[in-house]
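**Student:** just to be clear, the model below is a prediction. Sequence and coordinates:
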Amino acid sequence: MTKQLKSFLNITVILLILISMVLLVLIRVFDIEIVFSPGLTKNKSLYELKWNSKLNRIQEGNTCGAHSVMAVLYLEKNEIKDPYKIYEAINEKLGNGYIYPWGLTRYLKNKSIKAKNYYLGLLSNKQKEQWIKNKIINEIPIIIIIGNSKYLHYITVMGFNTNEYFVYDSLVKSDMNGDLPGNITVPALELLNKWNNAVFKGIHLNLSISQ
């Protein structure tokens, strides 16, 4: 074995160790799991989770994360909670009151919902859609972080048709999609663009929260 090959192998091993350590930190500290594949696609053109339109509550302050958790608790456990009490119970916040994603997952875990922060930045838009639809078909709602470099916002996806998603958005002041779950219907491309454009301190988040 040549010195160059030995050096290359040593560097490779060190890099693998460093990558493993970074992944371990992400998983343990921030509840983040990297998604490499959307999983097996289940072919359905329409699927809706059962929602109570009385829960289309409007947020005050930076409580969109707590409102999204409220939606997940209802969809997963048929449990109705005051979003402001949820907000008060979560400690992981920025100075402006915005809740960190791992604050949401830890709260949900305390409610026996095995939520994680999923990083989908390695997937194409088509694969992201497949991932979302697979979750919904398995009766699992999804919280998505949307926005841009100036603001971030949590919304909850709870259904879809061929090219749209049914969403609960706590900033929307009226029920704009009638009998469909959530309070707004969002075209797929619009949802993906808002998701892809969410940036925190120069980093594209590509994050969702789900089981």
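**Tutor:** Right, received. Where do you want to start? Numbering: from 1, shown residues only.

**Student:** quick one: the helices in this protein?
**Tutor:** 3-30, 64-77, 83-89, 101-110, 125-137, 188-196 (DSSP state H).

**Student:** need the winner for burial among those.
**Tutor:** Neighbour counts (mean count of other Cβ atoms under 10 Å) averaged over each of the helices of the chain peak at helix 64-77, with a mean of 24. Every C-beta, even on glycine, is put in place using the N, C-alpha and C of the backbone.

**Student:** can you name every helix or strand that that one contacts?
**Tutor:** Where contact means 3 or more Cβ pairs under 8 Å, 6 or more residues apart in numbering; DSSP states H and E, helix 64-77 is packed against helix 83-89, helix 101-110, strand 142-147, strand 152-160, strand 164-168.

**Student:** now those as TSV including distance to G202?
**Tutor:** What follows is those, written out as TSV (distance: least, Cβ to Cβ, whole Å):
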stretch	distance to G202
helix 83-89	27
helix 101-110	17
strand 142-147	14
strand 152-160	13
strand 164-168	27
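
**Student:** what distance do you get for the residue nearest to K42 when sequence neighbours are not counted to V167?
**Tutor:** Leaving aside its chain neighbours, K42 sits nearest to I137 (4.9 Å; criterion: Cβ to Cβ, 6 or more residues apart in numbering). Noted for I137: a distance of 17 Å to V167, by Cβ to Cβ, to the nearest Å.

**Student:** could you do A66 as well?
**Tutor:** A66 sits 17 Å away from V167, going by Cβ to Cβ.

**Student:** quick one: contacts for the closest residue to G97 other than its chain neighbours?
**Tutor:** Nearest residue to G97, sequence neighbours excluded (Cβ to Cβ, 6+ apart): N62, at 4.2 Å. Residues near N62 by Cβ atoms under 8 Å, 6 or more residues apart in numbering: 96-99.

**Student:** which residues touch P101?
**Tutor:** Each residue near P101 by Cβ under 8 Å, 6+ apart is listed here: 30-31, 65, 117, 145, 207, 209.

**Student:** point out where the chain drops to low pLDDT.
**Tutor:** 1, 3, 5-6, 8-10, 13, 15-29 (pLDDT under 70).

**Student:** would you map out the domains in it?
**Tutor:** 1-30, 34-210 (automatic domain parsing).

**Student:** state the distance from L94 to I34.
**Tutor:** Look at L94 and I34: by Cβ to Cβ, they are 23 Å apart.

**Student:** and for L40?
**Tutor:** Taken as Cβ to Cβ, the span from L40 to I34 is 19 Å.

**Student:** what about the two, which has more around it?
**Tutor:** A direct count of neighbours by other Cβ atoms under 10 Å for L40 and I34 places I34 higher, at 13 against 7.

**Student:** and the more buried one, how close does it get to L49?
**Tutor:** 26 Å.
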